[in-house]
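**Student:** attaching a predicted model along with its sequence, questions to come.
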Amino acid sequence: MEQNTTPEKKPRKLVFPIILGLVLLIALGFTLKEYIFLQSHEETDDAQIDGDISPVIPRVPGYVTSINFQDNQVVHQGDTLVVLDDKDYKIKLDQANAALNAAEKNVAAYRATISESRSNFGVQKANIDQAQVRAWKAQQDYDRYKNLYDDHVITKAQFDQATADKEAADYALEAAKSQMPVLDQRVNTSEQQTNATASIIDTRKADIEYAALQLSYTVITAPATGIVSKRNIQIGQLVQAGSPMFSIVHDSLYVTANFKETQMNDIKLNQKVDVAVDAFPDDKIQGTIESVSGATGAKFSLLPPDNATGNFVKVVQRVPVRIRLDVDSAVMARLRPGMSVKVTVHTK
């Protein structure tokens, strides 16, 4: 009996060492492969697809009269998306134009007044010259009549008439001269009014530009090319300036990978990157490191950690790295911000 069982036990005793040896060889091969791989690569699964999201916000209040898109529709930059009721803004623009026309007419009227005042100024100057001639003539007559009266050639009545004519001419000259400052002041006043009204014209033109700008804000266009999402407006709704209506997810997507700070030693700009999207495991995407964040992710949190207070516990921090995707439009159309990815960087 012992001779029959001994040969059967020997093969059984060899099975376990063989299996163990194979397991050890496989583990050693896997470890060696990972070690060699990690010598020239850095990888992380703390990464996601990112993209710029632009909130579309009205700049003026108004009632929604037209919505020219559907939720999750692809739109292009400059497309008209929403139209607000513009009746009030058109009236304000008309009022601004009317105010400008009134100001321009006032300026024209003041300029006509200036021309008239200057013409009157010239006429009055001529009147002064004429009054001076008459005063000179009256003075000459007075002198002659005085000599004749002293020689008893003429009567006293004739001499009194010459005296009266001389005084009347002098008074007429003084009256003509007294009108000159009045006319000069009238010209200055008209010029000041013209200048003031001319400055108002600039203000009225600015009012027109502002009213036209406000009117243009009633037509809301797409700020970028992308997908419209999170729509929260309806026809007839009153929207307020500054209240978000919807958002546009830009079509230029990228990857944000959060590497441990201990992995950053070999990571450099412009290194090649392999990106595996969890949603599409069969699509391998290539990328390039574009930039590295200026601080760790924890520093941008609402309550950033402060190692100088409390009991210090060292935690390995993560540094966000932006990766530009080198993909065609077909693959890009399937990606959405927020999708999880695994990133492998070729460091050597």
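**Tutor:** Sure thing, it's come through.

**Student:** helix or strand for residue 161, just tell me which one.
**Tutor:** When elements are defined using DSSP states H and E, residue 161 is found to belong to helix 156-216.

**Student:** which SS class is residue 275?
**Tutor:** Assigned state for residue 275: strand (three-state reduction, DSSP: H, G, I helix; E, B strand; the rest coil).

**Student:** which regions of the stretch 151-300 of the chain sit below the pLDDT cut-off?
**Tutor:** Low-confidence segments of the stretch 151-300 of the chain, defined by pLDDT under 70: 176-180, 182-188, 190-197.

**Student:** hmm, I was thinking of the stretch 1-150 of the chain
**Tutor:** For the stretch 1-150 of the chain, residues meeting the criterion pLDDT under 70 lie at 1-14, 29-30, 32-40, 110, 112-124, 127, 131, 149.

**Student:** could you pull out the helices for it?
**Tutor:** 2-39, 87-150 (DSSP state H, counting those that start in this stretch).

**Student:** what's near enough to touch the residue at minimal distance from the centre of the chain?
**Tutor:** Closest to where the C-alpha atoms of the chain average out (CA atoms, centre = their mean) is residue 59, at 11.2 Å. For residue 59, the contact set (CB atoms under 8 Å, 6 or more residues apart in numbering) comprises 217, 241. Placement of C-beta: from N, CA and C, glycine included.

**Student:** what's the answer for residue 211, then?
**Tutor:** By CB under 8 Å, 6+ apart, residue 211 lies in contact with 89, 92, 93, 95, 96.

**Student:** now which of the residues you listed would you call buried?
**Tutor:** By neighbour count, with 16 or more other CB atoms under 10 Å, these hold 89, 92, 93, 96 as buried.

**Student:** separation between the last one and residue 88?
**Tutor:** Separation of residue 96 from residue 88 (CB to CB, to the nearest Å): 13 Å.

**Student:** could I get the buried ones among the contacts of residue 211 as TSV with distance to residue 189?
**Tutor:** Formatted as TSV, the buried ones among the contacts of residue 211 follow (distance: CB to CB, whole Å):
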residue	distance to residue 189
89	39
92	33
93	34
96	28
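
**Student:** of the residues you listed, closest to residue 289?
**Tutor:** Nearest to residue 289 out of these is residue 89 (CB to CB; 48.6 Å).

**Student:** quick check: the closest one touching residue 214?
**Tutor:** Yes: in this structure, residue 89 is within contact of residue 214 by CB atoms under 8 Å, at 5.1 Å.

**Student:** so what sits against both of the two?
**Tutor:** Common neighbours of residue 89 and residue 214 are listed as residue 60 (criterion: CB under 8 Å, 6+ apart).

**Student:** beyond the helix holding residue 161, next helix or strand please.
**Tutor:** Trace forward from helix 156-216 with DSSP H and E and the next one is strand 219-221.

**Student:** quick one: strands adjacent to that next one?
**Tutor:** strand 80-84 (antiparallel) (DSSP bridges).

**Student:** and the residue nearest to residue 334 when sequence neighbours are not counted, how far from residue 257?
**Tutor:** In space, and not counting its chain neighbours, residue 334 is closest to residue 280: 6.5 Å by CB to CB, 6 or more residues apart in numbering. Look at residue 280 and residue 257: by CB to CB, they are 17 Å apart.

**Student:** please apply the same query to residue 151.
**Tutor:** Counting by CB to CB - residue 151 and residue 257 are separated by 128 Å.

**Student:** so for the two, which sits in the more crowded spot?
**Tutor:** Remark: of residue 151 and residue 257, residue 257 carries more neighbours, 29 against 8, as counted by other CB atoms under 10 Å.

**Student:** give the contact list for the nearest residue to residue 60 once chain neighbours are set aside.
**Tutor:** The shortest distance from residue 60 to any non-neighbouring residue, by CB to CB, 6+ apart, is to residue 217 (4.5 Å). Taking CB under 8 Å, 6+ apart, we find residue 217 in contact with 58, 59, 60, 84.

**Student:** please parse this protein into its domains.
**Tutor:** The chain resolves into domains spanning 43-85+229-346, 87-215 when parsed by automatic domain parsing.

**Student:** the ones you listed: which one's closest to residue 28?
**Tutor:** Of the domains of the chain, the one closest to residue 28 (CB to CB) turns out to be domain 43-85+229-346, at 21.5 Å.

**Student:** end to end, how far does the closest one reach?
**Tutor:** End-to-end distance of domain 43-85+229-346 (CA to CA, to the nearest Å): 9 Å.

**Student:** renumber starting at 36 from here on
**Tutor:** Got it, the first residue is 36 from now on, which makes the last one we talked about domain 78-120+264-381.

**Student:** off-centre distance for that domain?
**Tutor:** On the basis of CA atoms, centre = their mean, to the nearest Å, domain 78-120+264-381 sits 23 Å off its chain's mean C-alpha point.
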